[in-house]
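**Q** sequence isn't available, so here's the structure alone:
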């Protein structure tokens with residue numbers, strides 16, 4: 001869960017969705033969850049959520065580098081280590097990102113694998 005009171009943001013992990021309610025995790029270590037009425041929450045699936053964050057960062061840049069295409073065998077894209085990766089498009093397990101070029105430098109674009117189907121492979125910054 002993420003809580004940003006000064007921005008009125010509370011993010012909870014969704015475990016299940018029904019027509020009328022959403023099951024959310026309220027205590028991960030104890031595996032506690034609660035059902036919340038759908039009309040009481042705004043449900044964002046991962047693609048929508050990722051497009052709304054400020055920046056992404058791979059958890060393991062060596063294992064999941066930025067690539068020129070959304071393919072495991074595509075060539076890698078080299079970027080400065082301090083570059084911020086801003087999401088622009090989500091396609092399956094991949095997200096296209098652009099960097100802010102350093103003062104007058106070129107903007108770099110590439111694809112980053114954000115999930116392996118079970119685990120999140122990126123960190124995200126909600127706000128700038």
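**A** Alright, I've got the coordinates. Quick caveat, the model's predicted, so the values are computed rather than measured.
**Q** the chain: strands as residue ranges?
**A** 2-4, 9-11, 14-17, 21-27, 32-37, 55-58, 85-91, 94-99, 109-113, 122-125 (DSSP state E).
**Q** closest one to residue 79 among those?
**A** With respect to residue 79, and counting by Cβ to Cβ, the nearest of the strands of the chain is strand 94-99 at 5.6 Å. Yep, even glycine has a C-beta here, placed from its N, CA and C like the rest.
**Q** list the contacts of that closest one.
**A** 50, 56, 66, 70, 79-80, 83-90, 107-114, 122 (Cβ atoms under 8 Å, 6 or more residues apart in numbering).
**Q** make CSV out of the strands of the chain and add distance to residue 44, mean pLDDT and mean neighbour count.
**A** Listed next are the strands of the chain as CSV, based on distance: least, Cβ to Cβ, whole Å; pLDDT from 0 to 100; neighbours: other Cβ atoms under 10 Å:
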stretch, distance to residue 44, mean pLDDT, mean neighbour count
strand 2-4, 12, 72, 10
strand 9-11, 9, 83, 12
strand 14-17, 9, 93, 13
strand 21-27, 11, 92, 16
strand 32-37, 14, 95, 13
strand 55-58, 15, 94, 18
strand 85-91, 12, 96, 17
strand 94-99, 15, 96, 21
strand 109-113, 19, 96, 21
strand 122-125, 12, 94, 16
